[in-house]
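>>> curious how this folds, go ahead:
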Amino acid sequence: MASVNFDIPHDLGHAEARRRIEQGLPKLEAHIPGGGQVTSEWPAEDRLILTIIAMSQTVKADMEIADDALRGTVTIPMMLSMMAGPISDFVKTSAEKMLAKA
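Modelled structure (predicted):
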């Protein structure tokens, strides 16, 4: 497994950042190249675990929402390790777009 960390600064505060992420999650599936399935789980108020299934592979994103940043790790299976950059960029860019929308 390959892991890629990311850090997205914001000035929204915890509650607004979480609201924007929650609001954007239902739209995420439609933006997966080639289609896929996304499930989300909130094991804590400030922690989100995304499971993305595409091309019969599972990618996990574990994120923590802080008052000033969204920090996370994308875990990519070996079968997709050559695409680790684009996959982690997709997760990071998607999160940035969700945080940017009011």
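>>> just the buried positions in stretch 59-70, please.
59-61, 63, 65, 69-70 (16 or more other C-beta atoms under 10 Å). Heads up, the C-betas are built off the backbone N, CA and C, glycines and all.
>>> can I get those residues in CSV including distance to residue 19, secondary structure and pLDDT?
Listed next are these as CSV, based on distance: C-beta to C-beta, whole Å; DSSP: H, G, I helix; E, B strand; the rest coil; pLDDT from 0 to 100:
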residue, distance to residue 19, secondary structure, pLDDT
59, 24, strand, 89
60, 23, strand, 93
61, 18, strand, 93
63, 14, strand, 95
65, 10, strand, 95
69, 16, strand, 95
70, 13, strand, 94
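>>> now, among those, which is nearest to residue 46?
Set against residue 46, the nearest of the buried residues of stretch 59-70 by C-beta to C-beta is residue 65 (4.9 Å).
>>> which residues sit in contact with the closest one?
14, 17-18, 21, 46-48 (C-beta atoms under 8 Å, 6 or more residues apart in numbering).
>>> residue 63 now?
21, 47-50, 70-72, 95.
>>> looking at the residues you listed, which are in helices?
21, 95 (DSSP state H).
>>> now do the same contact list for the residue nearest the centre of the chain.
Residue closest to the average C-alpha location in the chain (C-alpha atoms, centre = their mean): residue 91, at 4.4 Å. Residues near residue 91 by C-beta under 8 Å, 6+ apart: 6, 50, 52, 59, 61, 72, 74.
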